[in-house]
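J.: Sequence and predicted structure below; questions after.
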Amino acid sequence: MRIVFMGTPDFAAVSLKKLIDEKYDIAAVFTQPDKPSGRGMKLTPSPVKELALQNGIPVYQPTKLRDGSATELIKQLSPDILVVVAYGRILPDDMLAVPKYGAINVHASLLPKYRGAAPIQWAVLNGDRITGVTTMYLASEMDTGDIIYTAETEIGEFETSGELFDRLMVMGAELLDKTLRDIDSGRAPRTAQDHSKASYVKMLDKSLSPIDWNNSPRHIIKQIYGLRPWPVATMELDGSVFKVYCAQYTENTTEKAPGSVVSAGKAGIEIACADGKTVVITELQAPGKKRMRAADYLLGHPIKVED
């Protein structure tokens, strides 16, 4: 089976590495143009481009997909299938029609739930206990194509989005391998999505960071772990905005108003939230300081707890 692979970030690079390791016939790789990165804003290739070049695979980085030139290039490459993993562009219909088997995609949710951007982070933020990956055929509209396979996994109670990303990245690569083998042998199923059950999620931004202590302990915990590694949850303390990296549940109750400091010591900084319950902040970062245990911060910056 002759493949043209289309992808850009680390999530896609792991799938490409799997296809290389399994000796698939990869005719070419399409990836996003190099982008400025770092303090010097130096043009930096995508992880997929770097991996492709290391393995002698031709790389193409079109700036446009809808002027016909990219589709003509695909025709010249004569792939049996397009494999799209976090490419970052929507493919035009005329391109999807070129390969014999069309185009397939790896998506990091259990479709039709969480179509769109940042499905991994929103699964954590929303407190889901199960998530997974889906392989599907691409259609004209984003994430609406027929499902081929899904694979499920539990989300750890204190698992960060970054940690879940790393696990789903590997799961996606494994499921892609199974999907391609079964398409090639004619065994792959094809199931239409139930569009009435679809949900869409948006990109993350820093407006999601401030913690609202009127929420439940679990909502706050999931916000803290769901926003790691970016943009990171924040809270106000002593007139400054702190980044919050880790927190734990408690069995304690309080009559203090949400957002009030209940205790501050070796366990961390305990703060009141909804329904008289509390959470303990155990790792944070003060403005201009490095990330540290809350207990270590308190050694140099004791907090007076009012009755």
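T.: Sure, I can see it. Numbers count the residues shown, from 1 in each chain.
J.: And the helices in the stretch 51-200 of the chain, which stretches?
T.: Here the stretch 51-200 of the chain has its helices, by DSSP state H, counting those that start in this stretch, at 69-77, 93-96, 119-125, 161-185.
J.: from those, which stretch is densest packed?
T.: Most buried of those by mean neighbour count (mean count of other CB atoms under 10 Å) is helix 119-125; its value is a mean of 24. Where C-beta positions appear, they are placed from N, C-alpha and C, glycine not excepted.
J.: can you give me the mean pLDDT across stretch 278-295?
T.: The pLDDT scores in stretch 278-295 average 97.
J.: Sorry, slip of the keys, the one I care about is stretch 224-237.
T.: 97.
J.: care to break this structure down by domain?
T.: Domains of the chain are assigned by automatic domain parsing as 2-201, 206-300.
J.: Select, out of those, the one closest to Asp307.
T.: domain 206-300 (9.3 Å; CB to CB).
J.: Redo the domains of the chain as CSV? Include distance to Asp307.
T.: Formatted as CSV, the domains of the chain follow (distance: least, CB to CB, whole Å):
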stretch, distance to Asp307
domain 2-201, 31
domain 206-300, 9
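J.: what's the closest of those domains to Glu306?
T.: Using CB to CB, the nearest of those to Glu306 is domain 206-300, at 8.0 Å.
J.: related to what we said a few turns ago, which one, of the helices of the stretch 51-200 of the chain, ends up nearest to Ile303?
T.: That would be helix 119-125 among those, by CB to CB, at 28.0 Å.
J.: Got the confidence number for the residue nearest the centre of the chain?
T.: With distances taken as CA atoms, centre = their mean, the residue of the chain nearest its centroid is Ile120 (4.2 Å). pLDDT recorded at Ile120 is 98.
J.: and stretch 146-158, C-alpha only, in CSV?
T.: Taking Å, rounded to 0.1, in the frame of the first residue of the first chain, the C-alpha atoms of stretch 146-158 are listed here in CSV:
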residue,chain,number,x,y,z
ASP,A,146,-17.1,7.4,8.9
ILE,A,147,-15.5,5.6,11.9
ILE,A,148,-13.1,2.7,11.3
TYR,A,149,-11.8,1.8,14.7
THR,A,150,-11.8,3.2,18.3
ALA,A,151,-9.6,2.4,21.2
GLU,A,152,-10.5,3.4,24.8
THR,A,153,-8.4,4.2,27.9
GLU,A,154,-9.2,5.4,31.4
ILE,A,155,-8.1,8.9,32.4
GLY,A,156,-6.2,9.0,35.7
GLU,A,157,-7.7,11.2,38.4
PHE,A,158,-4.5,13.3,38.6
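J.: Next, the buried residues of that stretch.
T.: 146-150, 155 (16 or more other CB atoms under 10 Å).
J.: Tell me the bridge partners for Val201.
T.: Gly116 (DSSP bridges).
J.: start the count at 19, not 1, going forward
T.: With the count now opening at 19, the last piece we talked about shows up as Val219.
J.: I figured it hits Ile138, correct?
T.: No: using CB atoms under 8 Å, Val219 and Ile138 do not qualify as a contacting pair, with a distance of 9.6 Å.
J.: In the stretch 219-325 of the chain, mark out all the helices, start to finish.
T.: Using DSSP H, counting those that start in this stretch, helices in the stretch 219-325 of the chain cover 235-244, 312-318.
J.: for the last one, packing partners?
T.: In terms of contacts (3 or more CB pairs under 8 Å, 6 or more residues apart in numbering; DSSP states H and E), helix 312-318 is packed against strand 279-283, strand 286-290, strand 295-303.
J.: Output the below-cut-off pLDDT ranges for this structure.
T.: For the chain, no stretch has pLDDT under 70.
J.: and Ser96, how many neighbours?
T.: 12 (other CB atoms under 10 Å).
J.: sorry, that was for Lys308
T.: Residues within reach of Lys308, counting by other CB under 10 Å, total 6.
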